[in-house]
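Enquirer: sharing a model that was predicted from the sequence below.
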Protein chains: 2
Amino acid sequence: MASQAQHALHPLFFPASLALIGASSDPERIGGRPLRFLLEAGFTGDLYPVNRSGAAEIQGLKAYKSLLDVPGTVEHAIIAVPAAGVEAALQECATKGVRVVQVFTAGFAEIDAEGARMQQRFVDICRAAGMRMVGPNSLGVLNPSTHLIATFSTALNGLRPTSGVIGLATQSGAFGSATYGMATLRGIGLSRVIATGNEADVDVAECIDYLADDPDTRVICAALEACKDATRLRAALLKAADAGKPVIIMKVGSTEVGAAAAATHTGSLAGNDAIYDCVFAECGAHRTASIEDMLDLAHFCAVTGGLPSNEDIGIMTGSGGIGILMADCASDLGMALPALPDSVAAGLREVVPFAVPANPFDTTAQVTSVPDGVNRVLQAMACDEAPFATLFAYLAHIGLSPTRFAGTEQGLIALHQAHPKQHLVVVMLSDPQVTRRLEAAGIAVFADPSRAVRAVAGAARMARLRRQLHRLPAANADAAAQPPLPQGLTEHQAKALLGEAGIPVLPEQVCDSPARAVQAADAMGYPVVAKIVSADIAHKTEVGGVMIDLADADAVAQAFDTIMARASRAAPDARIDGILIAPMVRGGVETILGIHADPVFGPMLMFGLGGTAVELYKDVAFASAPLTPERARALLQSVRASALLSGWRGNPPCDTGALTDAMCRLSAFAARHAGQLAGIDINPFVVQAQGAVCLDALISTR
Amino acid sequence: MASQAQHALHPLFFPASLALIGASSDPERIGGRPLRFLLEAGFTGDLYPVNRSGAAEIQGLKAYKSLLDVPGTVEHAIIAVPAAGVEAALQECATKGVRVVQVFTAGFAEIDAEGARMQQRFVDICRAAGMRMVGPNSLGVLNPSTHLIATFSTALNGLRPTSGVIGLATQSGAFGSATYGMATLRGIGLSRVIATGNEADVDVAECIDYLADDPDTRVICAALEACKDATRLRAALLKAADAGKPVIIMKVGSTEVGAAAAATHTGSLAGNDAIYDCVFAECGAHRTASIEDMLDLAHFCAVTGGLPSNEDIGIMTGSGGIGILMADCASDLGMALPALPDSVAAGLREVVPFAVPANPFDTTAQVTSVPDGVNRVLQAMACDEAPFATLFAYLAHIGLSPTRFAGTEQGLIALHQAHPKQHLVVVMLSDPQVTRRLEAAGIAVFADPSRAVRAVAGAARMARLRRQLHRLPAANADAAAQPPLPQGLTEHQAKALLGEAGIPVLPEQVCDSPARAVQAADAMGYPVVAKIVSADIAHKTEVGGVMIDLADADAVAQAFDTIMARASRAAPDARIDGILIAPMVRGGVETILGIHADPVFGPMLMFGLGGTAVELYKDVAFASAPLTPERARALLQSVRASALLSGWRGNPPCDTGALTDAMCRLSAFAARHAGQLAGIDINPFVVQAQGAVCLDALISTR
């Protein structure tokens, strides 16, 4: 594939020539181990050990005192010298015209500020030379297809890689070794492995981008500790989704949200994890919490070669109990077990008349007395009218007896060939050879019923995410041109700005005398609300600065004086702009709309419902700004309390169109002002049977 | 142990003599397979094949035409004849004085009503003879210690049992085969296995009771589809807990709650699963959702020999990322990572001065340059001052290199001998021999970090449950003597009954005229509330039958007439008892107290907080009635929204003592009337800064 060969990282995995700077004769040292691995594996390119000691030979290869002494070109260089020597080695690489360099040496930005400065100089050298760098503090790369084992991971001592279709990109080398080890022990093959370390230049996102192009890689596993470039990560994930490659991600580490974010209530709810979850899902990637789950799902995708087209499943089982166990697990994970169509039920009745044609379908022991019974049942369930994209067959431990299983095995393989679009998952204890044959035919095999269901649920979820990808528009050129947002906006000013942005606000008025207040109230109609307006009073209610349900002119005039008196008592030095008069809003459902200005991912819209749902149950959802109407509707649905908006307990349904419209407009406003915003809270945003309106707003700037 | 040998099920596992009725010469048939297994395994007791064909010999053993022809006693008989012959075979067993009989034959209560009647006759035969029966439709038992393989499970074809300390009791034979197979493939040994099938007599609870006595069994796994005898199940689980044996349960199948239960709001919230979860936890048993999780936890308990004394953990890791992965997982599962005490930190600084002495403790690469570094770090962390009951060591893949690992292995074993009370869990990829040696020394070994944490979390939770066992008093002799509850109680009558039971209610009064209403209001003080009283009007608010905040006598008199007029308009035929006048209650937090009369487990108290929390988030908890004050306090804590009761957002803390007192009294009332109650809703039960009070109540009888 042309695009892959042109990729900047191509020489990292397919170098015609590779130099190891700091090569050691001791096959156990960091400079010796990669050389040993490369030699043992039979790396197919040119291999040049470099050591300034001037040894003529290292591990049987001709050695060079300097990289510059190496004849011809060097595409890929590894630097494994002490920290103090790395800069000089990089300079040599730049001079030599190396295309990609890996720096195994540690002790830079991960240690201290001086290390960070040194690391920045490495980047400068690379940039100037047009050379790419992996690391420093990286553990290396693997490409089994070219026998490239360019790593010093001791995991390679005992475990040689199996070639496969799963690519793995990880920041942490230890995480990479653990995943590599678990995969290899299970016989799961890998196409490429890369550990990016400090990511001074190449990051996991760029590796995902490479793997999305790589024809040998059909499934991508990635592990992040932190994302530094959100645009690159989003683009890489979307590219993989567009290439039809599942991306399974682990995000390790719950770092604190930056201090700036805590400026708003929204910010305090925006856990780092929630934002990562949101961005991964928007870009079609599935996050798992354990290495084993990641491998289960990746292997499932690799074996079956595609994602199930829906989240519905059918289950055939010889055991009612196991069938229900799987059904319960599926239901917990959001999958459905649709009823069997009449045609399927009729087919099943022909094979096993005594069994009830339900889903899960319990064959009962009768199936054992029917010649070829299991296969005939599966044929009936796998017919094209079956409404489920995945069919599970629970076959107990029969796979442990390859001879007895032979007929069923052939039947399963034929069945899957006849219905290649339906995923076929066999759950049984199985001889490794049997498993391998079924997997080669595209049939997934699991021992534990719950793990089987979990993997399918993950794959089906990815398919759904892919149908709902959220693509952000290219950074708005207008954004920089926006007039700066003023600092210290009052509630009234914030609402005015939001009103200009198309968010519905009340026709409220700031008044400087009881007479003006009465005049305003007369104009808008009673009852009204009166609130103190002062940038110096953050908590209006606490100083008695809010009076509601004012029914007539007298009440308004009196409220003006009362609030002024309370405010001057409670906050004698506050600058007071006046009293805000606004119509009193009754009824409707209180929601919260917010913007969290994420330091990594930019403005994120938050949606939740008022009351304890947000605080106690964290029942809120985030979306990257700006939102499309589709994304807004999906966001709405993803909040559990949204049930309150659709006619809860006999109340009229709320105007969710007005709500999603406000979400889109607020998110667009935030995207336009991304650089200046610290956060926004619209709380409450009241959604009524007709329309919706912002009752209070806070805009916090940087 | 005397108690075990005296147990009714002892001859099931330790028969001196065993007869197989329906024995077959074909080693693949249901009547032939057990005989083959017993012969191959070398069963140590006397073995008698019985077949009415009159064959002289079956599978090389002398055969008998009738059980009655067998010389001497037969302690344990297996019946594997066609359904029509089972009754006669049971009669023969009874005549012969068999102590325990297993009926493998299926086709009884699981099929139809006639089958159920036949099954009941089997029970009658057994009861009359003092003989115990496993099944019908059971898959058999295993006792590796006596080479007893009395099952026809084909799982035994390839997988011979490994003797161990985990006992398994399961209703479903298929579930038993799956668990047995997965355990045996992993090298996890079992002490006893039993599949109880239809449970006409012996049920899983009685098997747990046996395993609690059995000295060879140290950990109990159980799988239920339904519990028929709650008293027996509770007693068996508590007995196992008292014997110090962890019980790990799977409950498969979410059957619907009986129709009677839906009589109340509480009933509709009492999912079957929630009730089982509650009862298991009250009796110290831990429920898992997958077979693999069950085996992980059981094996952990078997290896370590006890439960961690607290839910705090320490983590040593050479990889920051994996450490955080494990810490995140632990925190999700409710475990804490306490800070390292100064003494531990000082010890760590001596070994690896560059590493930050935090928890998780990342040794950094420095540890590799310290002789015996890993062991010295672990010694520092395992010192007796360490506040965590479990210490994890993440050691990557070093266990795959037994020679390199030898020193660390010795160090780990010595360390655990020095600190036997602290659980030591090694997470690494490991050679099976290395794993076996560590496990033999009481050290748990896991490959996947998340699975390691999950197992420890389950064990630590069980230890907590054991400290909080909820023992119900013996069935109250008074219960039967209670006067029957009247049918169709009005709100006022329900409250009066609850008031007598000690639940705080308001001094309210039913009045038949405006004058009486005013008189009542004057006596209790204003404001008051007026409500229609009629057993025929279920939804008072909908007919306009409730008026609140009545400030004076005029308002009360007017409300009386208004409500009466509305009621006669809305429900002209309703019998109206009058108007209820009650003091108006302001403030406080609304909670819900309910009783769900569970058809299996009896009266269960439900607690939740008012509003959407209960409906949307199912944030409610159940406890078996009657509650002790301790159980009531734990129940309160287990509801997330209880945070609202302890001074939420600057409100005064509520009187939780009054709340838990009401829980205890309500549950005692329900226990007294267990046979008559369908359910109770007290909604709302308002908890104030001082005291608490029931504002509305519904008692529903059978």
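Expert: Perfect, thanks for sending it. Numbering: from 1, shown residues only, chains lettered A, B, ... in the order given.
Enquirer: from now on I want contacts and neighbour counts done on CA atoms only, so please keep to that.
Expert: Noted.
Enquirer: the helices in the stretch 201-350 of chain A, which residues?
Expert: In the stretch 201-350 of chain A, the segments counted as helices under DSSP state H, counting those that start in this stretch are A:204-213, A:230-242, A:265-269, A:272-282, A:291-304, A:320-332, A:342-351.
Enquirer: closest one to chain B among those?
Expert: Within these, the stretch nearest chain B is helix A:320-332; the backing value is 5.5 Å (C-alpha to the nearest C-alpha).
Enquirer: what sits up against that closest one?
Expert: Applying C-alpha atoms under 8 Å, 6 or more residues apart in numbering or on different chains, the contact partners of helix A:320-332 are A:315-317, A:336-337, A:360-362, A:394, A:449-450, A:453-454, A:457, B:172, B:174-175, B:225, B:252-254, B:289.
Enquirer: how about the residues of chain A near chain B?
Expert: Taking C-alpha under 8 Å from any C-alpha of the partner chain as the test, the list of chain A residues beside chain B reads A:155, A:158, A:172, A:174-175, A:177-178, A:181-182, A:225, A:252-254, A:289-292, A:318-319, A:321-322, A:324-325, A:328-329, A:396-397, A:400-401, A:429, A:447-450, A:612-613, A:616-617, A:640-641.
Enquirer: which one is the residue of the stretch 51-200 of chain A found nearest chain B nearest to, not counting chain neighbours?
Expert: Of all residues in the stretch 51-200 of chain A, the one sitting closest to chain B is A:Ala174 (5.7 Å; C-alpha to the nearest C-alpha). If the residues on either side of it in the chain are set aside, A:Ala174 comes closest to B:Ser319, at 5.7 Å by C-alpha to C-alpha, 6 or more residues apart in numbering or on different chains.
Enquirer: one more: A:Ala515?
Expert: A:Ala515 sits nearest to A:Ala557 (C-alpha to C-alpha, 6+ apart), 6.9 Å away.
Enquirer: and for that neighbour, the neighbour number?
Expert: Around A:Ala557 there are 20 other residues, counting by other C-alpha atoms under 10 Å in any protein chain shown.
Enquirer: tell me the buried residues in whatever helix or strand it lives in?
Expert: Here A:Ala557, judged by DSSP states H and E, is contained in helix A:553-570. The neighbour-count check on helix A:553-570 (16 or more other C-alpha atoms under 10 Å in any protein chain shown) flags A:Ala553, A:Val556, A:Ala557, A:Ala559, A:Phe560, A:Ile563, A:Met564, A:Ala567 as buried.
Enquirer: reformat those as JSON lines; add pLDDT.
Expert: JSON lines is the format used below for the buried residues of helix A:553-570 (pLDDT from 0 to 100):
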{"residue": "A:Ala553", "pLDDT": "95"}
{"residue": "A:Val556", "pLDDT": "96"}
{"residue": "A:Ala557", "pLDDT": "95"}
{"residue": "A:Ala559", "pLDDT": "95"}
{"residue": "A:Phe560", "pLDDT": "96"}
{"residue": "A:Ile563", "pLDDT": "95"}
{"residue": "A:Met564", "pLDDT": "94"}
{"residue": "A:Ala567", "pLDDT": "91"}
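Enquirer: center of chain A, which residue is that?
Expert: A:Phe280 (1.9 Å; C-alpha atoms, centre = their mean).
Enquirer: next, the contact list for it, please.
Expert: Counting by C-alpha under 8 Å, 6+ apart, A:Phe280 touches A:Arg234, A:Leu237, A:His286, A:Arg287.
Enquirer: is it true that the first one touches A:Val279?
Expert: Yes. In terms of C-alpha atoms under 8 Å, A:Arg234 counts as a neighbour of A:Val279; the distance is 7.5 Å.
Enquirer: so what's A:Arg464 up against?
Expert: A:Asn310.
Enquirer: CA atoms of the host helix or strand of it as CSV?
Expert: Per DSSP H and E, A:Arg464 falls inside helix A:449-467. The C-alpha coordinates for helix A:449-467 follow below in CSV (Å, rounded to 0.1, in the frame of the first residue of the first chain):
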residue,chain,number,x,y,z
PRO,A,449,-19.2,-17.9,28.8
SER,A,450,-19.1,-14.4,30.4
ARG,A,451,-15.8,-13.5,28.6
ALA,A,452,-17.4,-14.5,25.3
VAL,A,453,-20.3,-12.3,25.8
ARG,A,454,-18.1,-9.4,27.0
ALA,A,455,-16.0,-9.6,23.9
VAL,A,456,-19.0,-9.6,21.6
ALA,A,457,-20.6,-6.7,23.5
GLY,A,458,-17.4,-4.7,23.0
ALA,A,459,-17.3,-5.4,19.3
ALA,A,460,-21.0,-4.6,18.8
ARG,A,461,-20.5,-1.4,20.7
MET,A,462,-17.7,-0.4,18.4
ALA,A,463,-19.9,-1.0,15.4
ARG,A,464,-22.5,1.3,16.9
LEU,A,465,-19.9,3.9,17.7
ARG,A,466,-18.7,3.7,14.1
ARG,A,467,-22.2,4.6,12.9
